[in-house]
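Student: Here is a sequence with its predicted model. Questions after.
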Amino acid sequence: MAANDTEDRRTRQKVFQSVLDEGPITASSLAKALELTPAAIRRHLDALESEGLLEVRELAGKQAGRGRPARHYVVTTAGHDSVSHSYDELAVNILRFMEDKHGRSAVEGFTEDLVSRLRERLGPELEKRGGTTVASRSRALAAALTREGYAASATPVAAGTPLEAMQLCQGHCPIQAVAAEYPEICEAELAMFSDYLGVDVRRLSSLAQGDHVCTTHIPTSELTRPLIHSNDRPQGGSR
């Protein structure tokens, strides 16, 4: 019995991790990806939902048949909290102390340093694997962010239309609690994305603001459009 319980917990953790990485995602897609029966995946999803770790979203434009909206699973705020670093509260308190003693400029300096260090860690791999198109660099950015704990993915949207773009989704944020109180961290991160990709980007949703995923819109008229490198762009801001 104990062995069965342990295996059950491991499988449930895999289900949770898959929703964290791939959500919003349907039960059928999860079952296929994890090679579980419909009954098994439903049992684990029901258990995770009852624990408050997952919730169901019915997404407009995605139907399960006969006009019914498809049920997609996403990780709840409590679910994200369960995988957040245990030092979130300490980090927030330290930043509050810095702000009280030295002003908001001290927090801004910390933010610049934090994002600069992330850029340094990502830089070599991005330059090696990023390629020369917005699409390929978006995917390389997602892969690099995933290795930093952001559970990121990059997919094309509205392909073949004038609104064609890449959508960068981050299913988890290691500093979510800190970013919720200090949104300039998200702003600096977004500026880094724009600089690397060579195009203006826009944040559509944010974990720090209570959404189930951070979504960044990366415009491109063609998926194979040549990249505008940052050193080719005019000084003083994004193009």
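Tutor: Looks like it arrived, so ask away.
Student: Please parse this structure into its domains.
Tutor: 6-60+68-75, 84-219 (the TED database).
Student: Could you dump those domains into a markdown table with mean pLDDT added?
Tutor: Output for the domains of the chain, formatted as a markdown table (pLDDT from 0 to 100):
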| stretch | mean pLDDT |
| --- | --- |
| domain 6-60+68-75 | 86 |
| domain 84-219 | 87 |
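Student: export those to a markdown table and tack on mean neighbour count?
Tutor: Placement of C-beta: from N, CA and C, glycine included. A markdown table is the format used below for these (neighbours: other C-beta atoms under 10 Å):
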| stretch | mean neighbour count |
| --- | --- |
| domain 6-60+68-75 | 16 |
| domain 84-219 | 17 |
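Student: packing partners for the lengthiest helix in the chain?
Tutor: Assignment by DSSP state H gives helix 104-129 as the longest helix of the chain. When contacts are defined as 3 or more C-beta pairs under 8 Å, 6 or more residues apart in numbering; DSSP states H and E, helix 104-129 sits against helix 88-102, helix 134-147, helix 184-197.
Student: Indicate which one of the ones you listed is closest to residue 178.
Tutor: Taking C-beta to C-beta, helix 88-102 is the member of these nearest to residue 178, at 5.1 Å.
Student: quick check: angle from the closest one to helix 184-197?
Tutor: 100 degrees (axes from the mean of the first three to the mean of the last three C-alpha atoms, to 10 degrees).
Student: and for helix 88-102, what are the contacting residues?
Tutor: 106, 107, 110, 175, 176, 177, 178, 181, 182 (C-beta atoms under 8 Å, 6 or more residues apart in numbering).
Student: same check, this time on stretch 149-164
Tutor: 20-22, 135, 138-139, 141-143, 145-146, 165-174, 214, 218, 220-223.
Student: mind checking the end-to-end distance for that stretch?
Tutor: 28 Å (C-alpha to C-alpha, to the nearest Å).
Student: gap between that stretch and the chain center?
Tutor: With C-alpha atoms, centre = their mean, to the nearest Å as the basis, stretch 149-164 stands 13 Å off its chain's centre.
Student: who's the residue nearest the centre of the chain bridged to?
Tutor: Closest to where the C-alpha atoms of the chain average out (C-alpha atoms, centre = their mean) is residue 170, at 0.5 Å. Beta-bridge partners of residue 170, counted by DSSP bridges, are residue 152, residue 214.
Student: That one touches residue 214, doesn't it?
Tutor: Yes - using C-beta atoms under 8 Å, residue 170 is in contact with residue 214, at 4.0 Å.
Student: which residues do these two both contact?
Tutor: Contacts common to residue 170 and residue 214, judged by C-beta under 8 Å, 6+ apart, are 150, 207.
Student: Run the chain-centre distance for stretch 31-39.
Tutor: Counting by C-alpha atoms, centre = their mean, stretch 31-39 comes out at 24 Å from the chain centroid.
Student: Alpha carbons of it, as CSV, please.
Tutor: Extracted in CSV, the C-alpha atoms of stretch 31-39 (Å, rounded to 0.1, in the frame of the first residue of the first chain):
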residue,chain,number,x,y,z
ALA,A,31,-3.3,12.2,-20.4
LYS,A,32,-1.6,11.9,-23.8
ALA,A,33,1.5,13.7,-22.7
LEU,A,34,1.9,11.6,-19.5
GLU,A,35,0.6,8.4,-21.0
LEU,A,36,-2.3,8.1,-18.4
THR,A,37,-5.8,6.8,-18.9
PRO,A,38,-8.7,9.3,-18.9
ALA,A,39,-9.8,7.9,-15.5
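Student: which other residues reach that stretch?
Tutor: Taking C-beta under 8 Å, 6+ apart as the rule, stretch 31-39 contacts 11, 14, 15, 18, 22, 27, 28, 30, 40, 41, 44.
Student: Alright, that wraps it up for me.
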